[in-house]
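>>> the following comprises the amino acid sequence and a computationally predicted model.
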Amino acid sequence: MQLTLYRDENGFAALRREWNTLLARTRFDTLFLTWEWQSTWWTHLGSGDLWLLAWRDDGGDLIGIAPLYLETAQGGEQRLTLVGCLEVSDYLDMIVAAGREPEVYAAFLDWLSSNEAPPWDVLDLCNLPSSSQIHRLLPDLAREHGYTATTLEEDICPIIDLPDSWEAYLAFLSKKQRHEVRRKLRRAQEAGDVNWTIVDRTHDLTAEMDDFIELHRLSQTDKDQFMEPPMQAFFHAAARAMLDAGWLQLSFLEVNGEKAATMLCFDYSGSILVYNSGYDPQRYRAISPGIVLLAYCIRYAIELGRAKFDFLQGDEVYKTRFGAHETKVYRTLITRQEA
């Protein structure tokens, strides 16, 4: 097995042709590990030193990628972290062909112990999905190298397993929730001319994303604080990359010609990923535009034949009310010595 190290963004260019092909061979093919997402995140939100590790088998086939960056944390701690590990990537992992994890993990730990690796104190592997082999296999392997290893339950991602029809989905909900969904849809229709639109290549994406960001910032104080200029630039760039790849599902609920609510979703690998949302709480609160738009998006996902409607990270109550079940997200920390 051969390891190639890339120390700057040219590594993304070098691996572009093979990156997503390898991702499709992993146990958990997620949009947040695609070349498009990872390279966009690094361009707009990355900091510190980039370390892209790529392993090939004896036949030259790419079997593993570890996208990492090194930063100096508070107190001088040298921290290696997965690219994307900053509140905007809900699932992360090393990208390893299914069945090749043990050998790639072993090679990774050998590299961490070698002179080729930078000086590091903590390896922080965040946002690991339940199917990731890292939190299952890497801690024991790390302890064999003399490191301390800890795995934590970091968050949950509620997911709806979608049935074949909207009526079957409604029947799955509790009687109270089914009544609420129907009542809110009816109330919205009674409020005026209600339209639901999805942005496509005929739209001005920059203008549509500006409208999304405005509604996002209006909806909650913490969202307004989150959406600072660097984050806005990332959202614009990510939306463009996702649209170009065919994965963007940006929708708006319009009431009497005015945008009342928005949902930024991704349509990827048989699932709809609910990434972020917003609405105008002052003018349209009475018709619950966010809930109405969510119902439209679930119905559309069923019409598209998608298998899952993934709310991504967060334990908000409305997600379970809409029929989602919880899946766990983990964090594995490897340290050189006891804290």
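That came through, no problem. Residues are numbered from 1 along each chain as shown.
>>> domain boundaries for this protein, per the record?
Domain segmentation of the chain under automatic domain parsing yields 2-156+328-335, 163-306.
>>> so which of those domains comes closest to residue 313?
Among the domains of the chain, the nearest to residue 313 by CB to CB is domain 2-156+328-335 (4.6 Å). In this view, the C-beta of every residue, glycine as well, is placed from N, C-alpha and C.
>>> looking at the chain, which strand is longest?
strand 148-161 (DSSP state E).
>>> and whatever helix or strand comes next after that one, how far out from the chain middle?
In the C-terminal direction, the helix or strand that comes right after strand 148-161 (DSSP states H and E) is helix 166-172. Here helix 166-172 is found 27 Å from its chain centre; the criterion is CA atoms, centre = their mean, to the nearest Å.
>>> against which helices or strands is the helix or strand just after helix 166-172 packed?
Per DSSP H and E, helix 166-172 leads on to helix 175-190 as the next helix or strand towards the C-terminus. Helices and strands touching helix 175-190, by 3 or more CB pairs under 8 Å, 6 or more residues apart in numbering; DSSP states H and E, are helix 166-172, helix 289-304.
>>> what number of residues lie near the residue nearest to residue 304 when sequence neighbours are not counted?
Nearest non-adjacent residue to residue 304, counting by CB to CB, 6 or more residues apart in numbering: residue 267, 7.4 Å away. Number of residues near residue 267 (other CB atoms under 10 Å) recorded here: 19.
>>> beta partners for residue 267?
Using DSSP bridges, the bridge partners assigned to residue 267 are residue 272.
>>> now do the helices in the stretch 201-339 of the chain.
For the stretch 201-339 of the chain, the helices defined by DSSP state H, counting those that start in this stretch cover 205-219, 221-226, 229-245, 289-304, 317-321.
>>> give me the contacts around the first one.
Yep, that's helix 205-219 we're talking about. With CB atoms under 8 Å, 6 or more residues apart in numbering as the test, helix 205-219 has contacts from 199, 223-224, 227, 232, 235-236, 239-240, 243, 250, 252, 259, 261-262, 264, 276-282, 290.
>>> wait, which of the helices of the stretch 201-339 of the chain is closest to residue 163?
Nearest of the helices of the stretch 201-339 of the chain (CB to CB): helix 289-304, 7.0 Å.
>>> Provide a list of residues in contact with the residue of the chain most remote from its centre.
Going by CA atoms, centre = their mean, the residue of the chain most distant from its centre is residue 190, 35.6 Å out. By CB under 8 Å, 6+ apart, the contact set of residue 190 is empty.
>>> same question for residue 255.
Contacts of residue 255 (CB under 8 Å, 6+ apart): 188, 191-194, 284, 287, 289.
>>> and with 10 Å instead?
188, 191-195, 261, 280, 283-284, 287, 289, 292 (CB atoms under 10 Å, 6 or more residues apart in numbering).
>>> what do you get for residue 18?
35, 54, 56, 61-62, 65 are the contacts of residue 18 under CB under 10 Å, 6+ apart.
>>> same thing with residue 179?
Contacts for residue 179 were tallied using CB under 10 Å, 6+ apart; they are 170, 173.
>>> touching, residue 192 and residue 283? I think so.
No - with contact defined as CB atoms under 10 Å, residue 192 and residue 283 do not form a contacting pair (11.7 Å).
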